[in-house]
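Peer 1: this one's structure only:
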């Protein structure tokens, strides 16, 4: 197997694992935003949460993922 493909699969598994480890509401918001491509106001309306809560949860999720992927990419 090509080393690049192996690395990509490994990286994607790490990202998926980190997404799955997010708190349930944070994970739900992250998936709605980046997999289902909802806008922040759409997520807010669908979940009955304030727009600021959506923004905060996305900030937290991106921080968790960035910390893990930076560690992986810089090692």
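Peer 2: Structure received. Just so we're clear, the structure is a prediction, and the values are computed from it rather than from any experiment. Numbering: from 1, shown residues only.
Peer 1: Not counting the helix or strand harbouring residue 70 itself, show me its contacts.
Peer 2: In this assignment (DSSP states H and E), residue 70 forms part of helix 51-73. Contacting residues not belonging to helix 51-73 are listed as 11, 14-15, 18-19, 21-22, 25-27, 29-30, 33, 40-41, 43-44, 47 [C-beta atoms under 8 Å, 6 or more residues apart in numbering]. From N, CA and C alone the C-beta is placed, and that goes for glycine too.
Peer 1: What subset of those residues is buried?
Peer 2: 18, 19, 22, 26, 27, 29, 30, 33, 43, 44, 47 (16 or more other C-beta atoms under 10 Å).
Peer 1: will you turn these into CSV that also has secondary structure, pLDDT and distance to residue 62?
Peer 2: Compiled in CSV, the buried ones among the contacts of helix 51-73 are given as follows (DSSP: H, G, I helix; E, B strand; the rest coil; pLDDT from 0 to 100; distance: C-beta to C-beta, whole Å):
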residue, secondary structure, pLDDT, distance to residue 62
18, helix, 89, 11
19, helix, 92, 11
22, coil, 94, 11
26, helix, 96, 10
27, helix, 96, 13
29, helix, 97, 11
30, helix, 96, 8
33, helix, 96, 10
43, helix, 98, 14
44, helix, 98, 17
47, helix, 98, 18
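Peer 1: in this structure, what secondary structure element scores lowest on mean pLDDT?
Peer 2: helix 3-21 (a mean of 83; mean pLDDT, DSSP states H and E).
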